[in-house]
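> Sequence first, predicted model second:
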Amino acid sequence: MVALLSLSGCYKDALDDRLPTDNPFDREYDGPTVFVSEGTYTQVTNIGPVSVLRQVIAFRVRSELFLSPTPYSVQVRDLQSGVTELLNADPPGSDNFKFFREPAPGQSICLELRLSNNQAAAGPTTICATL
Amino acid sequence: MIALRGIVGKEPTGLLAALVLVLVGTTLPTSGANAQETGQVRFRFEPPQGVSYVVDGKYRLSDREITLQEGRHNFVFWAPERRMLDTALFVVGGQTQDVRLSLRYSLEYVEHRRALERYEKQQRYSVLLPSIATFATGTWATVSAIRMIRHGNVLRDLKDTYATLSDPVSIARLKQQDLPEARSDLRSARSGFYISTGLFAVSTATVMYMKQRSGTRIKPEFKDNEGLRFNGLVWAPGEHGGTWATGLTYIIR
């Protein structure tokens, strides 16, 4: 009888109607920001005999916010050009990412970033940088 | 042989009005001829055991066969729980007569049996039924508790799964379908648990109350007043006649 009664208070929290939102891969994630801007700069890249100047927008993923370790990619959409790309870490295995585009000095470039896995993307975060 | 079944029993005070029976196969003597001759009477009683009788107000016996002088003799028969039967028999000299006697239950005993049945019925229903209900609701409460724990574990596992998922589609499905279903199941199981536990508590309290109440109920006891009256009938013969011996029994507990 006592054991039965002691059970009566259990599962009160479990029946809380709120759904969890602390997984960064959740589209409804509302925790601390996952993406951190690392700034923007220009970089000359040699493609054969041709040298190309590109603007780099660097950012970092705070993987410490992940609830469990997991591989991932980042889906990037350039809000000015509308171009969407799927980026892997650079260097591989790190949490650093670089997005390359045509240089736009003095112009604020905004990117919409989403964590991605299995060809599906999580909620968006926007970062902006000006060269 | 003669059967006395159906002879009206009488109180000891009505001995003088006892019925005189002439035994089958014999003839009532018309005179006091051969007065010293004896005859035998063989009894068959219902109930077969425990019957005692007083002959001519003097001797208390329980023999199934007695030898008496020829003539009319008064008998008072009695057995525990039965009514006294006050009657007279005519003993025929030189013969053995079979007498069959059936003693009816005393009114006090019949009333006692009724009271005892009422008591046992009350005891049975006041404790047995709530006990069955308690067992049933207790089983239901236990099953509900197990069901609730099982659904609780499912919900907990789903929450653990949420933390390990890194596929946004799987996370969305978990949140929109699996978790709400598991919550609904757990809610339903918890409602059943509350209801069953409540009923279990009520029936347990009822059993305790009924047990306490039935403990104060006094079991009817049979007081065989017919036996007391019968015991007071014995006459003790003496040199100058005799005296009646009466007895009073008081049960000390």
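Happy to help now that I have it.
> Does stretch A:28-47 reach chain B?
Yes: Stretch A:28-47 reaches chain B (C-beta under 8 Å from any C-beta of the partner chain) through residue A:28. C-beta here means a position set from N, CA and C on the backbone, and glycine is covered the same way.
> tell me which residues in that stretch are buried?
A:29, A:34, A:35, A:38, A:40 (16 or more other C-beta atoms under 10 Å in any protein chain shown).
> of those residues, closest to chain B?
Chain B lies nearest to residue A:29 out of these, by C-beta to the nearest C-beta, at 9.2 Å.
> shouldn't that closest one be in contact with residue A:22?
Yes: using C-beta atoms under 8 Å, residue A:29 and residue A:22 qualify as a contacting pair, with a distance of 7.2 Å.
> Quick one: neighbours of residue 58, just the number.
I went with chain A, as the question did not name one. 17 (other C-beta atoms under 10 Å in any protein chain shown).
> try again with chain B
Residue B:58: 14 neighbours (other C-beta under 10 Å).
> likewise residue A:103?
The burial count for residue A:103: 15, using other C-beta under 10 Å.
> ranges for the strands of the chain?
Using chain A. A:35-47, A:50-61, A:73-78, A:84-87, A:96-101, A:108-117, A:120-121, A:125-130 (DSSP state E).
> Chain B is the one I meant
With DSSP E as the criterion, chain B has strands spanning B:2-3, B:20-21, B:38-46, B:52-55, B:59-61, B:65-69, B:71-78, B:85-91, B:96-102, B:235-238, B:241-244.
> what about the fourth one, average pLDDT?
For strand B:52-55, the per-residue pLDDT values average out at 92.
> The first one now?
What strand B:2-3 shows for mean pLDDT is 37.
> swap in the last one?
Across strand B:241-244, the average pLDDT comes to 57.
> What of the fifth one?
Rounded to a whole number, the mean pLDDT of strand B:59-61 is 88.
> With the second one instead?
Averaged across strand B:20-21, the pLDDT comes to 34.
> pull the CA atoms of stretch B:137-149 into CSV?
These are the backbone C-alpha positions of stretch B:137-149, laid out as CSV (Å, rounded to 0.1, in the frame of the first residue of the first chain):
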residue,chain,number,x,y,z
THR,B,137,-8.6,-3.8,-6.3
GLY,B,138,-5.1,-4.6,-4.9
THR,B,139,-4.4,-6.7,-7.9
TRP,B,140,-5.7,-4.0,-10.2
ALA,B,141,-3.6,-1.4,-8.5
THR,B,142,-0.5,-3.5,-8.8
VAL,B,143,-1.1,-4.2,-12.5
SER,B,144,-1.8,-0.5,-13.0
ALA,B,145,1.4,0.4,-11.2
ILE,B,146,3.4,-2.0,-13.4
ARG,B,147,1.7,-0.5,-16.5
MET,B,148,2.5,3.0,-15.3
ILE,B,149,6.1,2.2,-14.6
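> tell me which residues of that stretch are tucked away?
Buried-residue list, stretch B:137-149, by 16+ other C-beta under 10 Å: B:137, B:138, B:140, B:141, B:142, B:144, B:145, B:147, B:148, B:149.
> The fourth one against residue B:189, yeah?
The one in question is residue B:141. No: at 12.0 Å, residue B:141 does not count as touching residue B:189 under the criterion of C-beta under 8 Å.
> In JSON lines, list the strands of chain A along with distance to residue B:131.
Formatted as JSON lines, the strands of chain A follow (distance: least, C-beta to C-beta, whole Å):
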{"stretch": "strand A:35-47", "distance to residue B:131": "67"}
{"stretch": "strand A:50-61", "distance to residue B:131": "66"}
{"stretch": "strand A:73-78", "distance to residue B:131": "67"}
{"stretch": "strand A:84-87", "distance to residue B:131": "70"}
{"stretch": "strand A:96-101", "distance to residue B:131": "72"}
{"stretch": "strand A:108-117", "distance to residue B:131": "60"}
{"stretch": "strand A:120-121", "distance to residue B:131": "60"}
{"stretch": "strand A:125-130", "distance to residue B:131": "66"}
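> could I get these as TSV with mean pLDDT and distance to residue B:185?
TSV is the format used below for the strands of chain A (pLDDT from 0 to 100; distance: least, C-beta to C-beta, whole Å):
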stretch	mean pLDDT	distance to residue B:185
strand A:35-47	92	38
strand A:50-61	94	37
strand A:73-78	96	36
strand A:84-87	95	39
strand A:96-101	95	42
strand A:108-117	94	29
strand A:120-121	92	28
strand A:125-130	93	35
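> ok, and the closest non-adjacent residue to residue A:74?
Of all residues not flanking residue A:74 in the chain, residue A:87 sits nearest, at 4.9 Å (C-beta to C-beta, 6 or more residues apart in numbering or on different chains).
> can you tell me which residues contact the one you found?
By C-beta atoms under 8 Å, 6 or more residues apart in numbering or on different chains, residue A:87 lies in contact with A:73, A:74, A:75, A:76, A:97, A:98, A:99.
> burial count for the second one?
Neighbour count of residue A:74, defined by other C-beta under 10 Å: 24.
> wait, it sits on residue A:114?
Yes: contact criterion C-beta under 8 Å: residue A:74 and residue A:114 qualify, at 7.0 Å.
> What ranges does the stretch 101-250 of chain B have for its helices?
B:107-123, B:129-164, B:168-173, B:179-216, B:225-231 (DSSP state H, counting those that start in this stretch).
> average pLDDT for the longest one?
Looking at helix B:179-216 alone, the average pLDDT works out to 89.
> out of the contacts of residue A:87, which are buried?
Using 16+ other C-beta under 10 Å, the buried ones in these are A:73, A:74, A:75, A:76, A:97, A:98, A:99.
> so which two of the residues you listed are the farthest from each other?
A:75 and A:98 (14.6 Å; C-beta to C-beta).
> just checking, residue B:130 touches residue B:202?
No: using C-beta under 8 Å, residue B:130 makes no contact with residue B:202, being 9.6 Å away.
> Output the helices of the stretch 101-250 of chain B in CSV; the columns should cover distance to chain A.
Formatted as CSV, these follow (distance: least, C-beta to the nearest C-beta, whole Å):
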stretch, distance to chain A
helix B:107-123, 25
helix B:129-164, 4
helix B:168-173, 4
helix B:179-216, 5
helix B:225-231, 49
